[in-house]
Structures are given as C-alpha cells and as structure tokens.
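> structure of the sequence below:
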Amino acid sequence: MRKITDLLNLRDGEDDRVKTLEAVKNNITFKGANLWILACAIIVASVGLNVNSTAVIIGAMLISPLMGPIVGAGFALGIYDFSLLKRSLKNLLTATVVSLVVSTLYFYLSPFKDVQSELLARTSPNIYDILIAFFGGVVGVIAVTRSEKGNPIPGVAIATALMPPLCTAGYGIATAQWTFFLGAFYLYCINCVFIGIATFLIIKYLNYPAVKQVDERHQKRVKYTIAFLITIMLVPSSYLAYSLYREQQFKKNADLFIESEFTNKGYTIVYKKTDFTPKAKKLELAFLSRRFSESEIKELKDKMSQNKYLAGTQLQIRQDSTDRFNALKGDILSQIKSSENEMNVKDVKIMQLEKQLRKNKFDNRQILKETRALFPEVSSLSINKSSLVNQKDSITTITAVIYDGAKTLSPAQSDKLKLWLNERLLVKDVELFKKH
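Numbers count the residues shown, from 1 in each chain. Reported below is the predicted structural model:
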C-alpha cells in the first residue's frame, strides 16, 4: 500500500508554496505586456478560424494568457483567499470582454464570413469537452506547482483551448448567428469552470494552507457553489453528448440498412441524404433504375421500425429519378445526334470548297514545261481563274493565261496554244493574254 502511495505522491518535486502562489498572483493581471499578448492572440486565433488553419489556431492557444486568472480563481478557492478570487474573476471578466470585442470587430470587418469546419467544431460542446477541460486543468495545476515546469503547460493550453471558443463567439455576434455565440460561449464557460475546479481539488489535495480560517458555513457555501457550477455545466453537456451519440448511431444504422437492403442487392444509389434532429429523423434516397411499389416501400419502413435507432425515421424514395435519367439520356443523345449532323453538313461544305479550290488551282510550273516543248517562243506562263463583269452586271468566268516571250505568237499559233490549253486544263474558256 505504501508503494502505491509513493507512486501517486504529488509532493515530490513540489515547488516552494509561497513562490508558487506569488507566481499565480502575477499571472492573473491583464495590463501592459499581458494585455498586448492577449489582443495579439485574439487576432491570431480569429485569423486561424477565418482561414480554417489548425496550425495558426494552435499558435494562438500557446501564446494566450487566459489560463492565468482561471488558475488564480481555483487557487483562491482552495486557500479561501476571497480577495484573490475577486481579483481573478475581475481580470477574467476583463479578458473575456476584450476578447469578445476584438474578435467581433475582426469578423465584422473581415470580407470572409464563410462558416469553416474549425468554427463549427466549437459550437456544440458536450461532456467530452468537460473531461478534456477537467483533466487538462489537473495537469496544468500540477505543472504550476512543480519546481521544474516542464512541457505540460503548453500542452494544457492546446488541449483546453480557451481562445478559439471566445473568437467563435465573437464570430457569432459579428454575423448575428446566435446559436454560434451561445454554443461557443458555453464551451468557453465549461473550460473556465472545470479548469478552476481541477485547480481547487489539487490545491486541497496538496493541503495548501488557508490564508485565513473560515468557519464551516463558509466552507459549505464554497462547496455548494462548486456543486452548483458542476451541475449547470454537466446537465446541458450530458444532453448534448447523448444527442451526439444518438445521431452517430442513427447514421451508422442507416448506412447498414442501406447496405443490406439496397447495395448488396445490386441497386445503384445516385442520391442519399440523412437528417437527424431530436424531434425528427429522415432518410432520403434515389436510385438509378430501380423503382419501388407502395407495398415494397411499406415493407422497408416496417424493417426500419424494428431497429431502435431507425424507428420513427421518415423514409422517402424519389421515384422520378428513372424518368429524369431517361429524359436526360434522351437529351444527351439528341444533342450528340444534332452535333453529328452539324458536323456532316460542315464536312460536305469543306469538301466542296476543297474541290472548288483544286479546280481553280493549276500547276503553272509543270504546264510551262509542257508548253515550251510545243511552243518554244513562250518563256513564262501564269494561269488563273478570273471573273469578268459586263455592262449588264452579268459575271463571266474565264481561265486567263498570261504568257511572255521574245515575240508575240501569230494568230495561228495563239489559236493552236489556246486549243491545246483547253484540252490540257479540261476547260473550255481559256483566254490568252500577252504580257507587256
């Protein structure tokens, strides 16, 4: 038994109690450097929540001095120093108001007001947050009373997370979302109360001497106050924890029901939505091709009612999904067919234009070689399709051949060249022109 007592002994390594109490008193005041650090921590935490950065939020927790007055209040209760308790609570109230004002101003001025996951995580506290705050507070006060503080204090600052809930409450005020404010501020109160209670219990366990002797009536008042605070924090958080448990069980059993009744039978689910509130539960599904009759839907509802977590759930199956899918498929096919028709028309036009271009394009170099073999007098030659407009605005198309040579061809030679070019070019409208 003695070995177990020695193993759990907190007095080994304990710092001088007068020195510890003096350090606690110095850390409860918010003025000068502490106030500047608090303001900067608020801005850093608000930015971290705004941009959804966990690393930035952790940094704000580490530099936040909010633990000081909370630990001071716990110490004050443990040693019955009511003047210290009054100072601690006054400074805690000041720090809380300053934090709310600064964070509210930041979120009011910030152009980014989207709800991020880091914000949402601090709006629904439950009994697990109480456990974190209490045991984090135990570790914190043990570290404060040690001669060598070690690493626990930064870890406690991160675990208990006093700054982010306050900034989230400021976000709720700035955006007029009062559920955010109430949920986040409740979490902040949970952390404050249970860190203080953990401090009180450890100080009583270590038998710190009372500043002044108090009668049994005052001691009972302190105990009743602590019991009252524990009750008002435990009851709502326990209810919220139970609601969270019910929601998780509902979603888990809904997934199992969907898997056994639909997925394992080869039905393709294209839409799924689950809604859970303490007053109503709803499961909404839509399928790719499967349609259910009224009797089948009734049978599914009967199976759900046999599960205690799914009982009372409203099952809604969207039956028009097949029709919508078929209509969508028809629209897509029509669009594809229309596009193909447009492509075919364009292809025909392109082929016609290419054919026309080939008709109007001549290999001048090759034709010059052949022409010089028959008419050595021709030194150069150019062939083009040309359009002529007469006085009646009628258009006549000719194949214009412009040649050059040492001398002009005789009429007989010109007719002969013209006749040959008509045959060679597969046209009937060759006109000869001598280049001047």
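> residue ranges for the helices of the stretch 51-200 of the chain, please.
Using DSSP state H, counting those that start in this stretch, the helices assigned to the stretch 51-200 of the chain run over residues 54-63, 67-79, 82-109, 117-120, 127-144, 152-160, 163-174, 178-205.
> which of those has the lowest average pLDDT?
Looking over the helices of the stretch 51-200 of the chain, mean pLDDT reaches its minimum on helix 152-160, with a mean of 65.
> still on that earlier bit, could you export the helices of the stretch 51-200 of the chain as a markdown table, including mean neighbour count and distance to Leu381?
Where C-beta positions appear, they are placed from N, C-alpha and C, glycine not excepted. Converted to a markdown table, these look like this (neighbours: other Cβ atoms under 10 Å; distance: least, Cβ to Cβ, whole Å):
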| stretch | mean neighbour count | distance to Leu381 |
| --- | --- | --- |
| helix 54-63 | 17 | 81 |
| helix 67-79 | 26 | 101 |
| helix 82-109 | 18 | 82 |
| helix 117-120 | 16 | 81 |
| helix 127-144 | 21 | 97 |
| helix 152-160 | 19 | 92 |
| helix 163-174 | 26 | 86 |
| helix 178-205 | 22 | 89 |
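> next, format those helices as TSV and append distance to Thr399.
Below are these laid out as TSV (distance: least, Cβ to Cβ, whole Å):
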stretch	distance to Thr399
helix 54-63	80
helix 67-79	100
helix 82-109	79
helix 117-120	78
helix 127-144	94
helix 152-160	91
helix 163-174	83
helix 178-205	85
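> nearest residue to the residue nearest in space to the middle of the chain in space, please, no chain neighbours.
With distances taken as Cα atoms, centre = their mean, the residue of the chain nearest its centroid is Gln116 (6.9 Å). Once flanking residues are discounted, Gln116 sits nearest to Asn52: 3.9 Å by Cβ to Cβ, 6 or more residues apart in numbering.
> and the residue nearest to the centre of the chain, how far from Ser46?
12 Å (Cβ to Cβ, to the nearest Å).
> got the phi and psi for the residue nearest to Gln116?
When read as degrees, to the nearest 10, the backbone of Asn52 gives phi 60, psi 40.
> residues contacting it?
Gln116, Ser117, Glu118 (Cβ atoms under 8 Å, 6 or more residues apart in numbering).
> okay, it: pLDDT?
At Asn52, pLDDT is 86.
> what separation do you get for it and Leu244?
22 Å.
> and for Gly48?
In terms of Cβ to Cβ, Gly48 sits 24 Å off from Leu244.
> which of those two has more neighbours?
Neighbour count, other Cβ atoms under 10 Å: between Gly48 and Leu244, Gly48 has more, with 23 against 14.
> Asn126 contacts Leu244, doesn't it?
Yes - between Asn126 and Leu244 a contact is recorded at 5.6 Å, counting by Cβ atoms under 8 Å.
> for the stretch 251-400 of the chain, give me the ranges with low pLDDT.
The model of the stretch 251-400 of the chain has pLDDT under 70 over residues 320-348, 350, 352-361, 387-395.
> which residues in it form strands?
269-276, 281-287, 313-318, 378-389, 395-405 (DSSP state E, counting those that start in this stretch).
> tell me, how many residues neighbour Phe250?
Residues near Phe250, counting by other Cβ under 10 Å, number 19.
> who are the neighbours in contact with it?
The neighbours of Phe250, taking Cβ under 8 Å, 6+ apart as the test, are Thr274, Phe276, Lys281, Tyr309, Leu310, Thr313.
> what's the closest of those to Ser103?
Phe276 (30.5 Å; Cβ to Cβ).
> could you check how far the closest residue to that closest one other than its chain neighbours is from Thr274?
Of all residues not flanking Phe276 in the chain, Glu247 sits nearest, at 4.6 Å (Cβ to Cβ, 6+ apart). Remark: distance between Glu247 and Thr274 (Cβ to Cβ) = 9 Å.
> and for Leu432?
Taken as Cβ to Cβ, the span from Leu432 to Thr274 is 89 Å.
> likewise for Phe433?
Distance from Phe433 to Thr274, by Cβ to Cβ: 87 Å.
> more neighbours: which of those two?
Thr274 (16 against 11).
> touching, the more buried one and Ala280? I think so.
No - contact criterion Cβ under 8 Å: Thr274 and Ala280 do not qualify, at 11.6 Å.
> can you pull the contacts of Arg168?
Just to correct that, residue 168 is Thr rather than Arg. Contacts of Thr168 by Cβ under 8 Å, 6+ apart are Leu49, Leu119, Arg122, Thr123, Phe180, Gly183, Ala184.
> oh sorry, the question was meant for Leu310
Residues counted as contacts of Leu310 (Cβ under 8 Å, 6+ apart) are Phe250, Asn253, Ala254, Phe257, Lys281, Leu283, Met304.
> out of those residues, who's nearest Ser410?
Leu283 (101.3 Å).
> tell me what that closest one is bridged to.
Assessed by DSSP bridges, Leu283 has beta-bridge partners Thr274, Leu315.
> look up how far Lys303 lies from it.
For Leu283, the distance to Lys303 - Cβ to Cβ - is 12 Å.
> overlap in contacts of the two?
Phe257.
> okay, these two: which has more neighbours?
Ranked by neighbour count (other Cβ under 10 Å), Leu283 and Lys303 place Leu283 first, with 22 against 14.
> pretty sure that one is in contact with Phe276, am I right?
No - at 9.7 Å, Leu283 does not count as touching Phe276 under the criterion of Cβ under 8 Å.
> correct me, but Leu35 touches Ser99?
No - using Cβ under 8 Å, Leu35 is not in contact with Ser99; the gap is 11.0 Å.
> quick one: the closest residue to Ser117 other than its chain neighbours and Glu118, what's the gap?
Leaving aside its chain neighbours, Ser117 sits nearest to Asn52 (6.2 Å; criterion: Cβ to Cβ, 6+ apart). Going from Asn52 to Glu118 by Cβ to Cβ gives 5 Å.
> next one: Thr399
From Thr399 to Glu118 the distance is 80 Å (Cβ to Cβ).
> do Gly13 as well
For Gly13 relative to Glu118 (Cβ to Cβ), the value is 37 Å.
> what does Leu10 give?
Distance from Leu10 to Glu118, by Cβ to Cβ: 35 Å.
> repeat that for Ser103.
Computed as Cβ to Cβ, the Ser103 to Glu118 distance reads 14 Å.
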